[in-house]
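Novice: Need coordinates for the following:
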Amino acid sequence: MDPLPERSLAHHLLLFLPHIFRRFLKETEGDRVNMQRLFFLALLSREPNRSMTFYSDIMALPKSNITVLVDRLVKDEYVTREADEKDRRLTILRLTEKGTGFLRASLASFERCLTEKLRDFTPEEQQALNRDIIEIMDILNRHSKAQTKQIS
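Specialist: Have a look, this model is predicted:
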């Protein structure tokens, strides 16, 4: 099988991602919670006790945007800021118990909404989507691990 030209793959990704957003993420209960906040809390849960710069890099957002986002999360008592013990110039972010509870409840609500939307698909379509999503995730994870090894 010939490899897909990079421009064609990029074109399909640009069409695919907004379609996923419109079909599954728009108009869910999660809309009541800013999706960026939810994604950030999930990232903080998976990658705890890191610097603001780390999260800025991962989310591909300017540090100033992360600061505004974190300010709101600190105000809501979902996140704490602490100075790094080794380098006082760094600010380390930690998810609070309240933040963990909020994240769990929001993700459960979000999952219920997604499950409801998936009922529009036949069982065969659901299986095909699930299989393909797992394959895409495997490819991306292998690539991510390879990049991490190169950086080390």
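
Novice: now stretch 69-80: mean pLDDT?
Specialist: Taken as a whole, stretch 69-80 has an average pLDDT of 95.

Novice: quick one: terminal-to-terminal distance for that stretch?
Specialist: Using CA to CA, to the nearest Å, the end-to-end distance of stretch 69-80 comes to 12 Å.

Novice: which SSE is residue 81 in?
Specialist: If you go by DSSP states H and E, residue 81 is part of strand 79-83.

Novice: Walk me through which strands that strand pairs with, and which way each runs.
Specialist: Using DSSP bridges, strand 79-83 pairs in its sheet with strand 91-95 (antiparallel).

Novice: Quick check: buried residues in the strand holding residue 81?
Specialist: Neighbour-count burial for strand 79-83 flags residue 79 (criterion: 16 or more other CB atoms under 10 Å). Bear in mind the C-beta positions are built from the backbone N, C-alpha and C, glycine included.

Novice: give the contact list for the residue nearest to the spatial centre of the chain.
Specialist: In the chain, the residue lying closest to the centroid (CA atoms, centre = their mean) is residue 39, at 4.2 Å. Taking CB atoms under 8 Å, 6 or more residues apart in numbering, we find residue 39 in contact with residue 59.

Novice: That one and residue 99: what is the separation?
Specialist: Per CB to CB, to the nearest Å, residue 39 is found 13 Å from residue 99.

Novice: Mind checking what helix or strand follows the helix or strand of the chain with the lowest mean pLDDT in sequence?
Specialist: Lowest by mean pLDDT, DSSP states H and E among the helices and strands of the chain is helix 6-20, with a mean of 77. Stepping forward along the backbone from helix 6-20, the first helix or strand reached (DSSP H and E) is helix 35-46.
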